[in-house]
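In: let me see the structure of the following:
(one chain, ligands or ions: 1)
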Amino acid sequence: MEHLMVKLCGLRTEADVAAVNAALPDFAGFVIEVPGKRRSVALEAAIALAKRLDKRIRPVGVFVNAPVETVNRFLAEAPNAAAQLHGEEDAAYIASLRQAAGLTIPQSPTIGQNADGEAPSATETNDAHKTSRPSARNARIIQAFRIRNGTDTLKAAASAADLVLLDSGAGTGQTFDWRLLTGFPRPFLLAGGLGPENLAQAIEQAGAAAGKRFLGVDMSSNLETNGTKDPAKMLAAVQAARERRRWR
Ligand SMILES: O=C(O)c1ccccc1NCC(=O)[C@H](O)[C@H](O)COP(=O)(O)O
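Out: As a prediction, this is how the structure comes out:
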């Protein structure tokens, strides 16, 4: 059974890494060198923490308009890492990052997944040599979008990244109107104010609105107690997501 992917974000300490290793999400996010953000950690610290993750968890460096070299260092040094772009990074920035990191340019979404984020059919597999987009699970570049209206969803749909994350903001703990997900045309992760309390409802609504293109969830604020990541909430969130299979 293909499960929903889970990303837990905003890890800062060794204790957070121990908690995430116990909860075993698919991705663990580190907000890196974003001035004024309380969850921000230095690049070197993020790389060191990423190296302590269980090998089954992919580290994600979360950046806001960072120099390409900074993002590339994280991709190069954190094992099996992905970069999440959470600022105003454009297609030219993503192209520069791909070049710096030695990543190929995707032409169509069929290696490891079809346009719906599913395993390819036999025909699609035969054509896989023609394409180079990694599967969502192997995505190297994730781009986050703040979704307030249909224009925002169109921008997200056109992203040059491997995978998009549809969010209400950046670690705000606020949800957005999930009806805006209706018919969203490419695989995505859902973020913004999710946690053990509303996860079942969010998964139900996102799945109903976007079907199999809804690949997984990302959570941060609601997994904290008094501003610190709470291991029990992290575990509960991953377990709640794991109980639900991917939409068909
Ligand atoms: O979490 C932050 O403080 C942050 C700061 C700057 C850029 C991005 C940030 N977070 C990105 C994430 O991926 C969060 O997990 C996502 O926005 C959801 O956050 P939340 O609504 O708190 O669950």
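
In: is it true that residue 144 touches residue 83?
Out: No - counting by Cβ atoms under 8 Å, residue 144 sits too far from residue 83 to count as a contact (10.8 Å). For every residue, glycine as well, the C-beta is placed using N, CA and C.

In: these two: who's more crowded?
Out: Of the pair residue 144 and residue 83, residue 83 is the one with more neighbours under other Cβ atoms under 10 Å, namely 31 against 26.

In: and stretch 12-26, what's buried?
Out: 12, 16-17, 19-21, 23-26 (16 or more other Cβ atoms under 10 Å).

In: how far does it sit from its chain's centre?
Out: 16 Å (Cα atoms, centre = their mean, to the nearest Å).

In: among the buried residues of stretch 12-26, which lie within strands?
Out: Among the buried residues of stretch 12-26, DSSP state E puts none in strands.

In: intersect those residues with the contacts of the ligand.
Out: Among the buried residues of stretch 12-26, no residue lies close to the ligand (Cβ under 6 Å from any ligand atom).

In: residue 197: neighbour count?
Out: Around residue 197 there are 14 residues (other Cβ under 10 Å).

In: which ones are touching it?
Out: residue 222 (Cβ atoms under 8 Å, 6 or more residues apart in numbering).

In: residue 94 now?
Out: By Cβ under 8 Å, 6+ apart, the neighbours of residue 94 are 85, 141, 143, 159-161.

In: mind running it again at 10 Å?
Out: 68, 83, 85, 103, 105, 141, 143, 159-162 (Cβ atoms under 10 Å, 6 or more residues apart in numbering).

In: helices along this structure, start to end?
Out: For the chain, the helices defined by DSSP state H cover 14-23, 43-50, 68-77, 91-101, 122-126, 150-157, 199-210, 231-242.

In: can you put the ones you listed in a markdown table and add distance to residue 173 and mean pLDDT?
Out: Listed next are the helices of the chain as a markdown table, based on distance: least, Cβ to Cβ, whole Å; pLDDT from 0 to 100:
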| stretch | distance to residue 173 | mean pLDDT |
| --- | --- | --- |
| helix 14-23 | 17 | 98 |
| helix 43-50 | 22 | 98 |
| helix 68-77 | 25 | 98 |
| helix 91-101 | 27 | 97 |
| helix 122-126 | 39 | 38 |
| helix 150-157 | 19 | 97 |
| helix 199-210 | 13 | 94 |
| helix 231-242 | 13 | 94 |
